[in-house]
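Asks: Sequence and predicted model, in that order:
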Amino acid sequence: MTVPPIHRARGVVEWLDEYENEVNHMLWPSQECLLETWCSSSCRVQTLVESVPRCTEAVLVAHGGLTPY
């Protein structure tokens, strides 16, 4: 039986081996979607970094009041 890395404690593995036919197993999710999300996040972070001066300027102009951001 292949056990996800988070459940490799000996007691858990032994229990899963003993009750393998009685437990419904979910397929371990693909890591590819996480990789795609992680790679695309750098673009969003860059956009946020570039917006900081504009947001700061708006706060200063509004003397700490409401801004369009």
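Replies: Great, that's in hand.

Asks: helix, strand or coil for the residue positioned nearest the centre of the chain?
Replies: Centroid check for the chain by C-alpha atoms, centre = their mean gives L34 as the closest residue, at 7.3 Å. Secondary structure, DSSP: H, G, I helix; E, B strand; the rest coil: L34 is helix.

Asks: do you know how far it is from T47?
Replies: Remark: distance between L34 and T47 (C-beta to C-beta, to the nearest Å) = 21 Å. Where C-beta positions appear, they are placed from N, C-alpha and C, glycine not excepted.

Asks: And for L60?
Replies: For L60, the distance to T47 - C-beta to C-beta - is 21 Å.

Asks: From V52, how far off is Q46?
Replies: On the measure of C-beta to C-beta, Q46 and V52 end up 11 Å apart.

Asks: can you give me the helices for the protein?
Replies: Counting by DSSP state H, the chain has helices at residues 10-18, 32-61.

Asks: List just the one of these that sits closest to M26.
Replies: Closest of those to M26 is helix 10-18, at 12.5 Å (criterion: C-beta to C-beta).

Asks: how much distance is there from the closest one to the middle of the chain?
Replies: Chain-centre distance of helix 10-18: 28 Å, with C-alpha atoms, centre = their mean, to the nearest Å.

Asks: go on, stretch 60-69?
Replies: Centroid separation between stretch 60-69 and its chain, computed with C-alpha atoms, centre = their mean, is 32 Å.

Asks: and it, what's its mean pLDDT?
Replies: Averaging pLDDT along stretch 60-69 gives 91.

Asks: what about that stretch, start to end distance?
Replies: 13 Å (C-alpha to C-alpha, to the nearest Å).

Asks: what residues are up against the nearest residue to V59 once chain neighbours are set aside?
Replies: Leaving aside its chain neighbours, V59 sits nearest to T67 (5.8 Å; criterion: C-beta to C-beta, 6 or more residues apart in numbering). With contact set as C-beta atoms under 8 Å, 6 or more residues apart in numbering, T67 has these partners: 55, 58-59, 61.

Asks: Please consider this matter closed, and thank you.
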